[in-house]
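**Student:** Below are the sequence and a predicted model for it; my questions follow.
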Amino acid sequence: MRRIIAITLLAVAALAFVATLISLLPTDFWLVRTVDLVREPLAYAAVLLGLVALLVAGKGRWLAVALFGITAIINTWRIWPYSALAGEEIERIAASEAELSQCFTALSVNVKVENTGFDQVAAQIEDVSPDLLLLMETDESWVRELDGVLGDYPFLLTEPQPRAFGMVFASRLPVADARLAENTHRDTPTLYATINLPNGEDFEFIGLHPKPPLPGWNTEERDSNIVRAGTETPGENSDALVMGDFNDVPWSRTTTRFREEGGWRDPRIGRGTYPTFPASLTFLGWPLDQIMLRGGLDLRDFTVMPNNGSDHRAIRAVLCQGEMVPS
C-alpha cells in the first residue's frame with residue numbers, strides 16, 4: 001500500500017509540474033490557459049502533497065517532494081503580487097462628510113442565468129443600494145423578476161440573452177452616454193458609459209463579461225476583448241472604472257497586459273486574491289470577477305459580498321473622485 005501511495009504521489013507531482021511549466025507558454029489553447037485559473041489552489045495542494053510525500057517511504061519520495069516544491073514555488077511566484085505580504089498598489093482613502101458627494105458605490109453581480117434565486121439577488125442589491133449596478137448573465141426572466149429593484153434607477157440599459165451573456169446596467173448618477181458594444185464576438189456585449197458626478201467631473205465606466213476558456217473554445221477572442229476594453233475607452237477620459245466577470249484571473253498574462261497597457265490599478269494587489277468563484281467554495285476558488293480603476297478615482301472600500309445564490313460572489317466598491325486623504 002505504501003508503495004502504491006508513493007507511486008501515485010510521484011505521478012501526481014509529475015503531472016502538476018508539467019502542467020505548471022506548460023502554463024508558462026505564450027499560447028491561447030484553452031486547456032493550458034485554464035491552469036492560470038487554479039494557480040492559488042494548485043500552490044496550496046502542492047505544498048500539502050509535498051508534506052505527505054515526505055512521510056511516505058520508498059523510491060521516488062524525494063523526486064516527488066522536489067516536483068511538488070517547484071510547482072508550489074512557480075505558482076506562488078505568479079500570484080505573489082496578490083498576496084497580503086506584497087505592497088499595496090492602491091491605498092484606501094478616507095472621506096469627510098463634505099467629500100462624500102464625490103463618492104459613489106458600484107456593485108457587479110454575475111447572477112447565473114439558470115439561477116432562480118431572484119429574491120436573494122434582489123435583497124443584496126437593495127441592501128447595498130449601489131449608485132452603479134452591473135448585472136451579468138441576465139435573460140428575460142431576470143430582467144422581469146428584478147423589475148422592482150431596477151425601477152428605482154433613473155437610467156437603465158438592458159440586453160437580456162437566453163444564454164449566459166446578457167447584461168444590465170443601472171445608474172442613479174447622471175449618464176452622459178452609454179452603449180453596449182460587441183468587441184470581438186457576437187452576443188458578448190461590453191458596456192461603455194460616461195458617468196457624471198455631482199461635483200461636475202465625469203468618468204468612464206466599463207462593464208466586461210467575455211467568454212471563458214472552454215473545450216474547443218480557445219482564449220484568443222476573450223483576451224482580445226479584455227485588452228481592447230482596457231485600452232480603447234470611447235470617451236478617452238483618464239478617470240475610469242472597469243468591473244465585471246473577466247472569466248480570467250488578475251495574474252494572467254492577459255489581465256496583466258490589460259492593466260499595464262491601460263494604466264489600470266488593481267485593489268487586490270497587496271491585499272489578497274479575494275476569490276469570487278465558486279461562491280460556495282471561495283477558499284479553494286479563484287478571482288474571476290474584477291474591479292480596476294485609473295486616473296483620479298480613489299478607493300474607499302472594496303468587498304467580496306456574501307453568497308447570494310449565484311455561482312459567483314458579487315463585488316462591491318466605494319470610490320471617490322478628487323483629492324482625498326489616505327486612511
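**Tutor:** Noted; the coordinates are in hand.
**Student:** how close does residue 46 get to residue 283?
**Tutor:** 16 Å (C-beta to C-beta, to the nearest Å). Every residue, glycine included, has its C-beta placed from N, CA and C.
**Student:** and the two? which has more neighbours close in?
**Tutor:** Neighbour tally, residue 46 and residue 283, criterion other C-beta atoms under 10 Å: the higher count belongs to residue 46, 25 against 8.
**Student:** Which strands or helices does the helix or strand harbouring that one pack on?
**Tutor:** Element membership for residue 46 (DSSP states H and E) is helix 39-55. Counting contacts by 3 or more C-beta pairs under 8 Å, 6 or more residues apart in numbering; DSSP states H and E, helix 39-55 is packed against helix 2-22, helix 61-79.
**Student:** of all the ones you listed, which has the lowest average per-residue confidence?
**Tutor:** Averaged per stretch, pLDDT over those is lowest on helix 2-22, reaching a mean of 88.
**Student:** Would you check that residue 304 makes contact with residue 272?
**Tutor:** No - the pair residue 304 / residue 272 is not scored as a contact, 9.7 Å apart, by C-beta atoms under 8 Å.
**Student:** Settle it for me: which of the two has more neighbours?
**Tutor:** residue 304 (19 against 14).
**Student:** any low-confidence regions in the stretch 101-250 of the chain?
**Tutor:** 183-187, 213-225, 227-236 (pLDDT under 70).
**Student:** The same query, at a cut-off of 90, please.
**Tutor:** 101-102, 162-165, 179-190, 197-202, 210-238, 247-248 (pLDDT under 90).
**Student:** which residues of it fall in strands?
**Tutor:** Listed in chain order, the strands of the stretch 101-250 of the chain (DSSP state E, counting those that start in this stretch) span residues 103-110, 132-136, 155-159, 167-171, 175-181, 190-196, 202-208, 240-245.
**Student:** right, and residue 136 touches residue 109 too?
**Tutor:** Yes - with contact defined as C-beta under 8 Å, residue 136 counts as touching residue 109 (7.1 Å).
**Student:** Dump the strands of the stretch 101-250 of the chain to TSV, plus distance to residue 142 and mean neighbour count.
**Tutor:** Below are these laid out as TSV (distance: least, C-beta to C-beta, whole Å; neighbours: other C-beta atoms under 10 Å):
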stretch	distance to residue 142	mean neighbour count
strand 103-110	10	24
strand 132-136	7	27
strand 155-159	9	17
strand 167-171	8	24
strand 175-181	16	14
strand 190-196	16	22
strand 202-208	15	24
strand 240-245	15	25
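**Student:** Just list the residues touching the closest residue to residue 307 other than its chain neighbours, thanks.
**Tutor:** Residue nearest to residue 307 in three dimensions, not counting chain neighbours: residue 279, with 4.8 Å by C-beta to C-beta, 6 or more residues apart in numbering. If you count contacts by C-beta atoms under 8 Å, 6 or more residues apart in numbering, residue 279 has them with 307, 308, 310, 311, 312, 313.
**Student:** In strands only, show me these.
**Tutor:** Using DSSP state E, no member of the contacts of residue 279 falls in strands.
**Student:** are any of those residues buried, and which?
**Tutor:** In terms of neighbour count (16 or more other C-beta atoms under 10 Å), the buried residues within the contacts of residue 279 are 307, 308, 310, 311, 312, 313.
**Student:** Let me have those residues in CSV, extended by distance to residue 247.
**Tutor:** As requested, the buried ones among the contacts of residue 279 are exported to CSV (distance: C-beta to C-beta, whole Å):
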residue, distance to residue 247
307, 20
308, 19
310, 15
311, 12
312, 10
313, 15
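**Student:** Of the residues you listed, which is the nearest to residue 293?
**Tutor:** Distance to residue 293 across those (C-beta to C-beta) is lowest for residue 313, with 19.6 Å.
**Student:** and that closest one, how far is that from residue 304?
**Tutor:** Using C-beta to C-beta, residue 313 is found at 5 Å from residue 304.
**Student:** before we move on, back to that, contacting residues around the helix holding residue 46?
**Tutor:** Contact with helix 39-55 is made by 6, 9-10, 12-13, 16, 20, 23, 35, 61, 64-65, 68-69, 71-72, 75-76, 78-79, 249, 251, 273, 275, 284-286, as judged by C-beta under 8 Å, 6+ apart.
**Student:** got it, and stretch 169-183?
**Tutor:** Applying C-beta under 8 Å, 6+ apart, the set of residues contacting stretch 169-183 is 104, 131-135, 150, 152-159, 167, 188-197, 202, 205, 207, 224-225, 228-229, 234-235.
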